[in-house]
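Participant: When you get a sec, could you give me coordinates for this:
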Amino acid sequence: MEELRTILEKFAASGWDLIAVPARRWLDGGGSRDDLIPAIQQAERECGSCGCELDPLYRRALELL
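Facilitator: Predicted structure coming up:
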């Protein structure tokens, strides 16, 4: 779970509300997988191959969830 937490902390710090908001909620204990998974899937569709540091983290987060 530490790996997932590290990934979600990066998402939360990204400044991109699509993934930052649900990641922050999850990290704070108020979010759910049902909110987080669709947000990560959408982020991967929109940005999953742009070359940024988050690209490989989308798939890994989904695997860990």
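Participant: State the phi and psi torsions of Ala12.
Facilitator: Per-residue torsions, Ala12: phi -60, psi -30 (degrees, to the nearest 10).
Participant: Likewise for Glu53?
Facilitator: Taking degrees, to the nearest 10 as the convention, Glu53 sits at phi -70, psi -20.
Participant: In stretch 20-27, which of the residues would be classed as buried?
Facilitator: 20, 22-26 (16 or more other C-beta atoms under 10 Å). Just so you know, the C-beta spots here come from the backbone N, C-alpha and C atoms, and that holds for glycine as well.
Participant: Against which helices or strands is the top helix by length along the chain packed?
Facilitator: Using DSSP state H, we find that the single longest helix of the chain is helix 33-47. Helices and strands touching helix 33-47, by 3 or more C-beta pairs under 8 Å, 6 or more residues apart in numbering; DSSP states H and E, are helix 2-13, helix 17-27, helix 55-64.
Participant: The longest one versus helix 17-27: what angle between them?
Facilitator: Pointing back at helix 2-13 there. 130 degrees (axes from the mean of the first three to the mean of the last three C-alpha atoms, to 10 degrees).
Participant: Understood, closing this out.
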